[in-house]
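Visitor: Requesting a structural model of the entry that follows:
(one chain, ligands or ions: 1)
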Amino acid sequence: MIRLAIIGAGSMAGEHAKQFQALDGVELVAVCDLDGGRAQAFAARHAIPAAYTDLEAMLAREEIDAVSNVTSDAAHKATSLAAIAAGKHILCEKPLATSAADAEAMAAAAREAGVINMINLSYRNAPAIHQARELIASGALGRIRHVDASYRQSWLVSHAWGRWDQDSQWLWRLSQRHGSKGVLGDVGIHILDFASFPVGDITAVNCRLKCYDKAPDSRIGDYVLDANDTALMRVEFACGALGSLHATRWATGHHNSLSLSVHGDRGALRVDLDAAKDRLHVCLGEDVHPACWREVVAPETPSLYRRFIDGIVKGHNDQPDFARGAALQRVLDACFVSDAEDRSLALAG
Ligand SMILES: NC(=O)c1ccc[n+]([C@@H]2O[C@H](COP(=O)([O-])OP(=O)(O)OC[C@H]3O[C@@H](n4cnc5c(N)ncnc54)[C@H](O)[C@@H]3O)[C@@H](O)[C@H]2O)c1
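Guide: Numbers count the residues shown, from 1 in each chain. Next up is the predicted model:
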């Protein structure tokens with residue numbers, strides 16, 4: 001039995017509790033949030049026996065094997081380092097940190113402590129992306145020549161997920177002072193992983209970021225609304241292909257849409273998670289001439305939550321680990337420099 005504690009009791013933590021409680025061999029034993037009322041309510045809602053506001057006190061409990069870190073982005077580094085120092089295996093939400101230097105420090109600490117470490121790049125749960133990676137690795141698409149990927153949200157327009165202008169869980173995401181790296185850090189990291197996991201490392205970026213006006217003086221209460229809400233990235237992959245990657249909170253008509261197209265000189269594939277998580281479309285072989293697309297059903301993939309627990313049991317660190325989180329964070333940092341200095345940047349291999 002793996003005894004697990006959750007750090008952060010906000011909206012995404014509910015998904016972690018649900019996913020871990022559905023797994024055999026996992027017991028949720030504690031939760032910690034700076035907001036005591038929230039921690040108590042979360043514990044009651046998910047039948048977790050102990051709630052804390054003091055992280056060190058919770059981590060001092062030796063019977064806790066692992067933690068799931070679901071705090072807001074700015075808190076990931078300090079809380080993760082504390083958990084690692086206490087010898088706990090750790091699954092941390094994305095982005096790993098708010099800079100590559102911090103993310104690298106977290107990856108180094110986890111490696112040195114020998115704890116299992118993973119980052120919750122949750123779209124790795126979609127079987128289609130694993131099948132896309134296998135197809136590309138098999139050479140079925142030939143040499144990759146063009147990549148197109150987008151992450152479209154609309155919570156600055158649609159009220160489906162609540163009111164961005166009234167709720168702290170959205171307001172911190174809009175404010176650099178509250179540790180947000182904008183849409184780029186929030187879901188841009190997902191689309192970077194979604195494209196580069198199957199296609200390969202990104203070696204150069206050119207990025208344009210934009211923050212549209214949303215409120216008088218760009219401020220609501222303590223929140224200065226200055227974080228980017230649209231990101232356009234032109235990237236080059238190690239295989240030489242160019243790609244166009246987008247992330248925005250202004251994609252009116254889309255709640256949460258991820259799509260990827262990869263085109264090679266012998267074939268192409270498309271993944272559209274709105275349509276299905278376990279299907280992709282391929283255009284291969286003779287089908288390239290009439291541009292005929294066929295559906296492929298991808299085999300099931302164990303969830304990242306399952307793979308984290310299995311990794312602890314077997315002593316094997318699965319992917320994506322903190323080192324992967326740090327590598328993606330180097331791309332994010334380069335995107336910020338590219339935007340600020342209006343130039344392309346090469347990334348060290
Ligand atoms: N992987 C995904 O698909 C996905 C989806 C949504 C959110 N997330 C990530 O999950 C994290 C949480 O997002 P959310 O929407 O739940 O935010 P939220 O604001 O609803 O919750 C964050 C919680 O963390 C708590 N917290 C902050 N600092 C803390 C600290 N030092 N110690 C203990 N608790 C602390 C806050 O009080 C709050 O309750 C973010 O990093 C976000 O990027 C990931």
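Visitor: rest of the way, CA atoms for contacts and neighbours
Guide: Fine.
Visitor: in the lengthiest helix in the chain, what's buried?
Guide: Longest helix in the chain by number of residues, with DSSP state H as the criterion: helix 322-341. Going by neighbour count (16 or more other CA atoms under 10 Å), the buried part of helix 322-341 is 322-339.
Visitor: tell me which strands and helices that helix is in contact with?
Guide: helix 100-113, strand 117-119, helix 189-199, strand 202-210 (3 or more CA pairs under 8 Å, 6 or more residues apart in numbering; DSSP states H and E).
Visitor: which one of the ones you listed is the most hemmed in?
Guide: Highest mean neighbour count of those: strand 117-119, a mean of 28 (counted as mean count of other CA atoms under 10 Å).
Visitor: I would like the residues contacting that strand, please.
Guide: Strand 117-119 has contacts (CA atoms under 8 Å, 6 or more residues apart in numbering) with 89-94, 96, 110, 308, 317-322, 325.
Visitor: Can you list the strands that that strand pairs with?
Guide: When sheet partners are counted by DSSP bridges, strand 117-119 sits next to strand 89-92 (parallel).
Visitor: Could you chop the chain up by domain?
Guide: Per automatic domain parsing, the domain ranges recorded for the chain read 2-122+307-319, 127-300.
Visitor: Quick check: which of the helices and strands packed on helix 322-341 is nearest to G182?
Guide: Closest of those to G182 is strand 202-210, at 9.3 Å (criterion: CA to CA).
Visitor: How about exporting that closest one as CSV, limited to the C-alpha atoms?
Guide: The C-alpha coordinates for strand 202-210 follow below in CSV (Å, rounded to 0.1, in the frame of the first residue of the first chain):
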residue,chain,number,x,y,z
ILE,A,202,12.8,21.5,-29.9
THR,A,203,16.1,23.2,-30.9
ALA,A,204,15.1,26.7,-31.7
VAL,A,205,12.1,29.0,-30.9
ASN,A,206,10.7,32.3,-32.0
CYS,A,207,7.8,33.4,-29.9
ARG,A,208,5.3,36.2,-29.8
LEU,A,209,3.2,36.7,-26.6
LYS,A,210,0.3,39.0,-26.1
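Visitor: Let me see the contact set for the spatially most central residue of the chain.
Guide: By CA atoms, centre = their mean, the mean C-alpha position of the chain lies nearest to L121, the distance being 3.6 Å. Neighbour list for L121: 93-94, 190, 193, 320 [criterion: CA under 8 Å, 6+ apart].
Visitor: Show me the two of those that sit farthest apart.
Guide: Longest span within these, CA to CA: E93 and D193, 13.9 Å.
Visitor: So what's the residue count around D274?
Guide: Residues near D274, counting by other CA atoms under 10 Å, number 12.
Visitor: I'd like to know how far it sits from N256.
Guide: 8 Å (CA to CA, to the nearest Å).
Visitor: One more: C292?
Guide: Taken as CA to CA, the span from C292 to N256 is 28 Å.
Visitor: got it, and L96?
Guide: 21 Å.
Visitor: More neighbours: the two, which one.
Guide: Just comparing L96 and N256: by other CA under 10 Å the higher neighbour count belongs to L96, 35 against 15.
Visitor: May I see the buried residues of stretch 128-143?
Guide: 128-133, 135-136, 140-143.
Visitor: residues in contact with the nearest residue to W172 once chain neighbours are set aside?
Guide: Once flanking residues are discounted, W172 sits nearest to H178: 5.4 Å by CA to CA, 6 or more residues apart in numbering. Contact partners of H178, counting by CA under 8 Å, 6+ apart, are 74, 172, 223.
Visitor: Can I get these in a markdown table including secondary structure?
Guide: Shown next, in a markdown table, are the contacts of H178 (DSSP: H, G, I helix; E, B strand; the rest coil):
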| residue | secondary structure |
| --- | --- |
| A74 | helix |
| W172 | helix |
| Y223 | strand |
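Visitor: which sections of this protein are below the confidence cut-off?
Guide: 349 (pLDDT under 70).
Visitor: Tell me which stretches of it form helices.
Guide: Using DSSP H, helices in the chain cover 11-21, 36-45, 55-59, 76-85, 100-113, 127-137, 168-171, 182-183, 189-199, 304-314, 322-341.
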